[in-house]
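Chemist: Fold the stuff below for me.
(chains A and B)
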Amino acid sequence: MLKKHQYYGFVVPALLFILGIIILPFIVGIFDSFTNSNGISREFVGWQNYSLLFHDYNFLQSFWLTVKFSVVSVILINLVGLIFALIVTHKENWFNNTLKTIFFVPNLIGGVLLGFIWQFIFTNAFKALAGNLSQGWLSGWLSDETTGFWGMVILFTWQMSGYIMLIYISFLNAIPHNTIEASMLDGASEIQTFFNVKLPQLAPAFTISLFLTLANSFKMYEQNLALTNGGPYRSTEMVSMFIYNTAFVNFQQGYAQAAGIILFLVVAAVSFIQLYVSRKGERQ
Amino acid sequence: MKKLKGQNIIYGILAAAVGLLWVYPFVIVIVNSLKTKRGIFSNPLWFTHDFTGENFTTAYKALDFTNSFVNSVLITVGSVVLITIVSAAAAYALTRVQVKMSSFVYYLCAATMLIPFQSIMIPLVSMFGTLNFLNRTALIIMNTGLSVSLSIILYYGAFEGVPKSMDEAATLDGASALRTFTDVVLPAVNPMTGTVIILNAMKLWNDYLLPSLVVNKNGMYTIPLKMYMFFGETNSEWQLALAGLVLSMIPIIVLFLLLQKQIMTSVTEGAIK
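Modeler: Prediction:
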């Protein structure tokens, strides 16, 4: 058994890493958000950064875009992920296993690479399709706010659906076979079985997937950078990019940090709601 | 029965179509990376008659691929090793010794997971900058600090499942506390070690944001950093950019093909726990 000094030897390294790399910067960050820090010198300015942020068109626009993006992505990714899970668990064979792999693979690739891949598809492949099929709406993607937004949604759905699919699969596989068989024997169609037997069992999977997608889309940066780089005219700039550019391009670090604190408050609030919802679900 | 068979065929065709659609972006990238600029211009959707491997030699050189690959490996492996050791040790002690500090550390881990990276990156990088300590070692230390919380929580669940009688038996056999941990308890949670390694390795291998702030300098570039730079230099020479993308994707795809099952299990486990 661990003696006292051994216990500290085991725990303290982890504790130091957490305190030094997360807690200390977090506290410094709260302090910095009340200063006009430019990375070199800082002066206390009170609530000024926060009050300016609430009137900063670029910040409000990036925040609103992030919320819109998150809501749309969460719905699409969970829908597609669930459909994929139902497809590949339909029957156990090589065909479905291959499909499962194909659906998951985009999730392995980093955000920067994904952004460039889709930039090519939207600007070149879509343009060629537009010509071949004479569908005008397929050309000029990423060149305006709307197609830039949907471009990011499509990219993110492609990346995340396979990941969310895995979560749904593990819950689908946990449903006892005889429950499903019993319902089929009772004469229920496959669709009825899905809604009455499978779907209720998927409730916890739904909560997990919902908030995983939400957390990821709120923090998205690399895909945004490589696909549109916020353009045209900062119209597709999400919160993370706003923080990054304000801090490391314009060197308004105190101001950017205040935006970072607001992001923290929102993400923490969302996480608490998740905790509350899933606890409540477990008790029922 | 006949109707069922017909349904199955339609279902199969639809599913295959969705699968093809999903894999098509990769196909497009690979196909066009093997063409000349003119080939891409004439038809980016499929093969044209101009095959060339030249894009790859150019991209390999421009990406300084050997060096970038080595940097990515060094940073990923270094971070993952440190994360695994530090978090396994801590989680083991937390489950075995029930003192106030244990629950404090556990809740600290849970709480820090609420903090988005973007909310601490500015002070974190400026702290290391003030110390003039921005290099690969610094990145490994930062990666470790940012990843131990989740890894400890994953390990915590696994160690809780190992009965304490196992520790006691080892102690009775004369094993030291360290030996009990490394030779008896840790091997009992090997699947979780696999999960911790895979989850962290995937995240860190693909990471761009933090490396761009810490190792964005000559000789230290990782693959995503170099790819980003190279993309800017290609100036709409898509055949080169695409060859670079294919090169950059090869390592992780190869690893996935080798460890497919384990990777998918780990990813699921990491999400659900």
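
Chemist: Now do the SS call for B:F230.
Modeler: At B:F230 the chain is in helix, as set by DSSP: H, G, I helix; E, B strand; the rest coil.

Chemist: what number of residues lie near it?
Modeler: 24 (other CB atoms under 10 Å in any protein chain shown). (Each C-beta comes from the backbone N, C-alpha and C, glycine too.)

Chemist: Same check on B:I253?
Modeler: By other CB under 10 Å, 14 other residues sit near B:I253.

Chemist: so what's it up against?
Modeler: Contact analysis of B:I253 by CB atoms under 8 Å, 6 or more residues apart in numbering or on different chains lists A:V105, A:L108.

Chemist: and the closest residue to A:M1 other than its chain neighbours, backbone torsions?
Modeler: Nearest non-adjacent residue to A:M1, counting by CB to CB, 6 or more residues apart in numbering or on different chains: B:T171, 6.0 Å away. Dihedral pair for B:T171: phi -60, psi -40, per degrees, to the nearest 10.

Chemist: now swap in the one 3 residues further on and tell me
Modeler: Dihedral angles phi and psi of B:G174 (degrees, to the nearest 10) take the values phi 100, psi 10.

Chemist: Indicate the residue of chain A located nearest to chain B.
Modeler: Taking CB to the nearest CB, chain B has its nearest neighbour within chain A at A:I21, 2.3 Å off.

Chemist: Please look at that residue and B:I140 and confirm they touch.
Modeler: No. Contact criterion CB atoms under 8 Å: A:I21 and B:I140 do not qualify, at 11.2 Å.

Chemist: Give the intersection of the neighbour lists for the two.
Modeler: With CB under 8 Å, 6+ apart, A:I21 and B:I140 have no common neighbours.

Chemist: Go ahead and name everything in contact with the helix or strand that contains B:S103.
Modeler: In the assignment (DSSP states H and E), B:S103 maps to helix B:100-112. For helix B:100-112, the surrounding residues in contact (CB under 8 Å, 6+ apart) are A:11, A:14-15, A:18, A:22-23, B:90, B:93-95, B:148-150, B:152-153, B:156.

Chemist: How about that helix, which residues are buried there?
Modeler: Buried positions in helix B:100-112, judged by neighbour count with 16 or more other CB atoms under 10 Å in any protein chain shown: B:M101, B:S102, B:V105, B:Y106, B:L108, B:C109, B:A110, B:T112.

Chemist: Could you do stretch A:2-15 as well?
Modeler: The neighbour-count check on stretch A:2-15 (16+ other CB under 10 Å) flags A:L2, A:Q6, A:Y7, A:F10, A:V11, A:V12, A:P13, A:A14, A:L15 as buried.

Chemist: what's the answer for stretch B:119-133, then?
Modeler: By neighbour count on 16+ other CB under 10 Å, the buried set for stretch B:119-133 is B:S119, B:I120, B:M121, B:I122, B:P123, B:L124, B:V125, B:S126, B:M127, B:F128.

Chemist: just stretch A:148-156 next, same as before
Modeler: A:G148, A:F149, A:G151, A:M152, A:V153, A:I154, A:L155, A:F156.

Chemist: now stretch A:157-174
Modeler: For stretch A:157-174, burial by neighbour count (16+ other CB under 10 Å) applies to A:157-172.

Chemist: now swap in stretch B:180-196 and tell me
Modeler: With burial defined by 16+ other CB under 10 Å, the residues of stretch B:180-196 counted as buried are B:T180, B:F181, B:V184, B:V185, B:L186, B:V189, B:M192, B:T193, B:G194, B:T195, B:V196.

Chemist: ditto for stretch B:214-234
Modeler: By neighbour count, and taking 16+ other CB under 10 Å as the criterion, the buried residues in stretch B:214-234 are B:214-215, B:220-231, B:234.

Chemist: Can you report how many residues neighbour the closest residue to A:I21 other than its chain neighbours?
Modeler: The shortest distance from A:I21 to any residue other than its chain neighbours is 2.3 Å, reached at B:G145 (CB to CB, 6+ apart). By other CB under 10 Å, 26 other residues sit near B:G145.

Chemist: hang on, B:G145 packs against A:F17?
Modeler: Yes. Using CB under 8 Å, B:G145 is in contact with A:F17, at 4.1 Å.

Chemist: just to revisit the earlier point, among the buried residues of stretch A:2-15, show me the least confident.
Modeler: Taken together, the buried residues of stretch A:2-15 show their lowest pLDDT at A:L2, with 85.

Chemist: got the contact list for that residue?
Modeler: Contact analysis of A:L2 by CB under 8 Å, 6+ apart lists A:F10, B:A93, B:R96, B:V97, B:A177.

Chemist: What's the per-residue pLDDT of the residue nearest to A:I109 when sequence neighbours are not counted here?
Modeler: Distance criterion CB to CB, 6+ apart; nearest residue to A:I109, sequence neighbours excluded, is B:M249 at 6.0 Å. Per-residue pLDDT puts B:M249 at 97.
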